[in-house]
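S.K.: Fold the following and give me the result.
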Amino acid sequence: MNTNHSTSTKGRKMLAVFAHPDDESFICGGSLAKYAAEGVEITVVSATRGEMGRRMGNPPYLNRETLAAAREIELRQACAHLGVHELKFLDIRDKTVEFINEEQLIGRIEALMQELQPEVVITFHETLGGHPDHCAIGKVTTAAFRRYGQGSLYFVSFGDMMLQPDKYGYTPGDIVRVEVQDHLKAKLAAFRAHRCQSELMEWVWQRDDKAMRNFGRYEYFIRGSQSQSGKDSLFR
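M.R.: Take a look at the predicted model:
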């Protein structure tokens with residue numbers, strides 16, 4: 001196993017709060033797999049079950065009534081491939097996260113942090129999330145983290161966008177680059193677990209070595225708190 005930091009992560013805890021099933025795999029699956037393999041206890045929270053998603057399989061084999069149950073099953077399978085310790089749902093209707101009572105949602109997420117005591121919290125950036133549900137869950141998770149007052153907060157980013165952080169108002173020092181090269185097989189398995197969403201991505205279903213060429217060697221995170229971690233690790 002290739003680790004880029006001297007601090008042991010075994011027995012430590014991470015909380016990853018997302019909006020939909022597949023966020024965890026498509027955006028930062030390599031990092032989750034890496035830290036799980038190193039012994040980090042990871043809890044993934046999905047605000048919704050993605051029941052309003054437009055992809056119904058290819059060819060379509062799901063409908064609006066069956067999609068939520070299918071995506072929950074797929075998410076559980078993906079989490080197993082990534083080594084996630086526990087999965088929780090907030091049971092918010094898909095595409096309505098921004099309309100939920102903000103104070104109540106902050107309270108629910110803070111209570112979860114107090115219960116789990118994570119050292120690292122990962123979520124979406126409230127303006128760079130790319131989807132209203134992403135931005136909304138990122139905003140309330142950030143507020144909950146401020147109240148929790150412990151550990152380190154990071155925002156996920158898409159692909160290589162943070163190779164040029166200045167475009168988004170950040171500096172290189174604000175970015176953590178996690179090497180995931182050794183965990184791409186787990187990431188690919190998680191992609192494939194989200195079958196109804198990934199069947200339209202032809203490359204996902206190519207031979208393993210060819211499919212994995214579509215993944216980057218690194219995943220990038222934006223520091224959301226004054227963390228003392230290095231440039232290549234989410235943990236101090």
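S.K.: Output the below-cut-off pLDDT ranges for this structure.
M.R.: By pLDDT under 70, the low-scoring segments of the chain are 1-7, 227-229.
S.K.: Which parts of the chain are helices?
M.R.: Along the chain, the stretches classed as helices by DSSP state H are 23-37, 67-82, 102-116, 132-148, 184-193, 195-198, 208-212.
S.K.: how distant is the second one from the center of its chain?
M.R.: To tie it back to what came earlier, the one meant is helix 67-82. 14 Å (C-alpha atoms, centre = their mean, to the nearest Å).
S.K.: Repeat that for stretch 124-131.
M.R.: In terms of C-alpha atoms, centre = their mean, the centre of stretch 124-131 is found 12 Å from the chain centre.
S.K.: Report the buried residues of it.
M.R.: Neighbour counts over stretch 124-131 (16 or more other C-beta atoms under 10 Å) mark 124-126, 128-129 as buried. Just so you know, the C-beta spots here come from the backbone N, C-alpha and C atoms, and that holds for glycine as well.
S.K.: V180: which of the residues you listed is nearest?
M.R.: F124 (18.8 Å; C-beta to C-beta).
S.K.: What's the separation between the closest one and F158?
M.R.: Per C-beta to C-beta, to the nearest Å, F124 is found 10 Å from F158.
S.K.: And for E24?
M.R.: Distance from E24 to F158, by C-beta to C-beta: 14 Å.
S.K.: More neighbours: which of those two?
M.R.: E24 (28 against 14; other C-beta atoms under 10 Å).
S.K.: I'd say that one and G83 touch.
M.R.: No. Applying C-beta atoms under 8 Å, one finds E24 not in contact with G83, separated by 11.5 Å.
S.K.: and for these two, which residues touch both?
M.R.: Shared contacts of E24 and G83, defined by C-beta atoms under 8 Å, 6 or more residues apart in numbering, are found at L32.
S.K.: what sits against the residue lying closest to T43 once chain neighbours are set aside?
M.R.: Among residues not flanking T43 along the chain, E86 sits closest, at 4.6 Å (C-beta to C-beta, 6 or more residues apart in numbering). Counting by C-beta under 8 Å, 6+ apart, E86 makes contact with 41-44.
S.K.: mind running it again at 10 Å?
M.R.: 15, 41-45, 79, 116 (C-beta atoms under 10 Å, 6 or more residues apart in numbering).
S.K.: same check, this time on V17
M.R.: V17 touches 23-24, 43-47, 88, 90, 109, 112-113, 118, 121-124, 137-138, 140-142, 144-145, counting by C-beta under 10 Å, 6+ apart.
S.K.: Now the buried members of those residues.
M.R.: 23-24, 43-47, 90, 109, 112-113, 118, 121-124, 137-138, 140-142, 144-145.
S.K.: Now do the closest residue to P132 other than its chain neighbours: how many residues are near it, please.
M.R.: In space, and not counting its chain neighbours, P132 is closest to E98: 5.0 Å by C-beta to C-beta, 6+ apart. Neighbours of E98 under the rule other C-beta under 10 Å: 15.
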